[in-house]
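A.B. asks: Quick one: sequence plus predicted model below, questions after.
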Amino acid sequence: ISLVSLRAEMLPHIKRLHKARLPVSYSDQYFNEALQSSWSRAAMYEGTIAGALICKEMDGGLRVQSLVAAVPRRGIGSKLLRNLCHEAEKSGIQKLSLHVHVRNEAAIALYKMLGFRTERRKPNYYFRS
């Protein structure tokens, strides 16, 4: 698996991947903004997009907006997130944040393994999804 910056021609596939794997609907604006972030990445496997991490700078650090893998539990999300953590550390960024649904136990386990911790719960955050 290799990691590359997002490019416009990847967006149709990344949109389909988000729609298939995540319970939240994302707008075209969301994906277009992802292209502007130097922190967003795609995971490539034999020329095919295997996953994507959309991230942007906010609140004095980085916010992971979405992390999605075509095939779960194959290390794709882990590789994307580990790379982000490494690159952020090299750049002097000390704060990374994200939101995750309380029922997404696999994602929570991954985030905890990488050193993330729960700071607060936001009731009804995913209400519309």
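C.D. replies: Yes, it's here.
A.B. asks: Would you mind measuring from the spatially most central residue of the chain to residue 110?
C.D. replies: Centroid-nearest residue in the chain, with C-alpha atoms, centre = their mean: residue 67, separated by 2.6 Å. Per C-beta to C-beta, to the nearest Å, residue 67 is found 9 Å from residue 110. All C-beta spots, glycine's among them, are computed from the backbone N, C-alpha and C.
A.B. asks: and for those two, which residues touch both?
C.D. replies: By C-beta atoms under 8 Å, 6 or more residues apart in numbering, residue 67 and residue 110 have these common neighbours: 77, 81.
A.B. asks: what helices or strands is the longest strand seen in the chain leaning on?
C.D. replies: Secondary structure of the chain per DSSP state E: the longest strand is strand 48-58. If contacts are counted by 3 or more C-beta pairs under 8 Å, 6 or more residues apart in numbering; DSSP states H and E, strand 48-58 sits against helix 11-21, helix 28-36, strand 41-45, strand 61-69, helix 76-90.
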